[in-house]
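Colleague: take this sequence and fold it.
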Amino acid sequence: MLLYAITQRSLFPGAESAREQALLDQARRLARGGTHYLQIREKDLPHGCLQSLVASLVAVVQAEGSPMKILLNGPPAVALKTGCHGIHLASDAPANAALDARRAYDRTGQECIISAACHSAQEISERGAHADLLLYSPIFEKHTPKGVNPGVGLSALAEAVSQARPTPVLALGGVTAHNAHDCAAAGAIGIAAIRLFLSDEWVPLLRP
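Modeller: The predicted structure follows:
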């Protein structure tokens, strides 16, 4: 099962410096624990601050000698400059974002891994041909500032997996250590989450 962690430093307590340090510590634990992907999702940061934080996160993972792939939910130029393995395309990303990112990486002789957010059959069709991974959501009920999102359920996940094939799909949205295997049974190649990876609750998922 592929494990895809997503960052959100605002979930850590304290001032900005403390939150960023906590994020670095989290990346170190994820790298040591064997997580496969880390998506840096800190879209509120200005360009310079984002670039500095991403570079620090990449350095932490590299220092651990981890094969974990780092994807930036942000400008491809920042991802490339800081040593990320690729980018994540949010649902509002421009239609040509994947092609532009691959071209930028190709010019440096590097492979660009692209994951993309999908919430509907149409988005799967539009993004499946250009992404290496699709994050389909929300699968389970989620509580958000806007209210409760009931999620699409495991049957819809199975349909998404079938439609996206051969592009692999990860389940996102309300995923926990308790329902992750249900997602795999529905055909997902793995799971993606934010809160699940704040503690070590995810570690048993790596066991056969």
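Colleague: CA atoms for contacts and neighbours, from now on please.
Modeller: OK.
Colleague: quick one: pLDDT of Leu50?
Modeller: Looking at Leu50, its pLDDT stands at 97.
Colleague: what's the first helix or strand after the one helix or strand it maps to?
Modeller: Here Leu50, judged by DSSP states H and E, is contained in helix 47-63. Past helix 47-63, heading to the C-terminal end, the next element that is a helix or strand (DSSP H and E) is strand 69-72.
Colleague: in the helix or strand following that following strand, what's buried?
Modeller: On the C-terminal side of strand 69-72, the closest following helix or strand by DSSP H and E is helix 76-82. Neighbour counts over helix 76-82 (16 or more other Cα atoms under 10 Å) mark 76, 78-80, 82 as buried.
Colleague: return helix 76-82 as PDB; C-alpha atoms alone will do.
Modeller: Coordinates of the C-alpha atoms in helix 76-82 are reproduced here as PDB (Å, rounded to 0.1, in the frame of the first residue of the first chain):
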ATOM      1  CA  PRO A  76       6.900  24.100 -10.700                       C
ATOM      2  CA  ALA A  77       9.800  26.500 -10.700                       C
ATOM      3  CA  VAL A  78      10.000  26.300  -6.900                       C
ATOM      4  CA  ALA A  79       9.700  22.500  -7.000                       C
ATOM      5  CA  LEU A  80      12.500  22.200  -9.500                       C
ATOM      6  CA  LYS A  81      14.800  24.700  -7.800                       C
ATOM      7  CA  THR A  82      14.500  23.100  -4.400                       C
END
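Colleague: what mean pLDDT does it have?
Modeller: Mean per-residue pLDDT for helix 76-82: 96.
Colleague: could you say what helices and strands it packs with?
Modeller: For helix 76-82, the helices and strands in contact under the criterion 3 or more Cα pairs under 8 Å, 6 or more residues apart in numbering; DSSP states H and E are helix 47-63, strand 86-89, helix 97-106.
Colleague: what does the longest one contact?
Modeller: With contacts defined as Cα atoms under 8 Å, 6 or more residues apart in numbering, helix 47-63 is touched by 20, 24, 27-28, 31, 40, 42-43, 68, 70, 78-79, 82-84.
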